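Colleague: Pasting a predicted model and its sequence here:
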Amino acid sequence: MAALYSEDAILLVPNEEQIKGRSAIEKLINSQIEEFALSDLKITTDETQEIGNTLYQSGTYTMKAKGPKGTMPVSGDWVTLLKKDADGNWHISRHILERGCA
């Protein structure tokens, strides 16, 4: 999953400092998958706009996570900015997540 991000990407998640760089993003993703036993991820894209070498996308997500009283649904909104690299591949440059409990 971390391969979707550029080397200098920034991930913004609630209640966390900015996560800077693909390596740090990968560590966060792996630790959250393990700690919260994340499963059943469903991502919906509501909007996509391409402007030159930049792509804007937004949407919603749902998943299940381990909580204090067992497995619970989690949902939220997301926004990404992607940039095209020299080879024409898109990579996430900025990723903002908003989350709450469903």
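Modeller: Received, thanks. Since this is a predicted model, take the numbers as computed values, not measurements.
Colleague: Name the residues linked to the most centrally placed residue in the chain by a beta bridge.
Modeller: The centroid of the chain falls nearest to residue 95 when counting by Cα atoms, centre = their mean (5.7 Å). Beta-bridge pairing of residue 95 under DSSP bridges involves residue 11, residue 80.
Colleague: Please tell me how far residue 51 sits from residue 57.
Modeller: 12 Å (Cβ to Cβ, to the nearest Å). All C-beta atoms are positioned from the backbone trio N, CA, C, and that covers glycine.
Colleague: what's the answer for residue 25, then?
Modeller: Residue 25 is 17 Å from residue 57, by Cβ to Cβ.
Colleague: Quick check: phi and psi at the residue of the chain most remote from its centre.
Modeller: Of all residues in the chain, residue 69 has its C-alpha farthest from the mean position, at 25.1 Å, by Cα atoms, centre = their mean. Per-residue torsions, residue 69: phi -120, psi 30 (degrees, to the nearest 10).
Colleague: Next: residue 2.
Modeller: Residue 2 has phi and psi values of phi -60, psi -20 when expressed as degrees, to the nearest 10.
Colleague: Do you know the pLDDT at it?
Modeller: Model confidence at residue 2, given as pLDDT, is 89.
Colleague: With neighbour numbers in mind, choose between residue 51 and residue 57.
Modeller: residue 57 (19 against 7; other Cβ atoms under 10 Å).
Colleague: what sits opposite that one in the beta ladder?
Modeller: Beta bridges link residue 57 to residue 48, residue 80 when assigned by DSSP bridges.
Colleague: ranges for the helices of the protein?
Modeller: 22-36 (DSSP state H).
Colleague: ok, and the helix or strand in it with the lowest average confidence?
Modeller: strand 90-101 (a mean of 87; mean pLDDT, DSSP states H and E).
Colleague: what's next to that strand, contact-wise?
Modeller: Strand 90-101 has contacts (Cβ atoms under 8 Å, 6 or more residues apart in numbering) with 4-6, 8-14, 55, 72-85.
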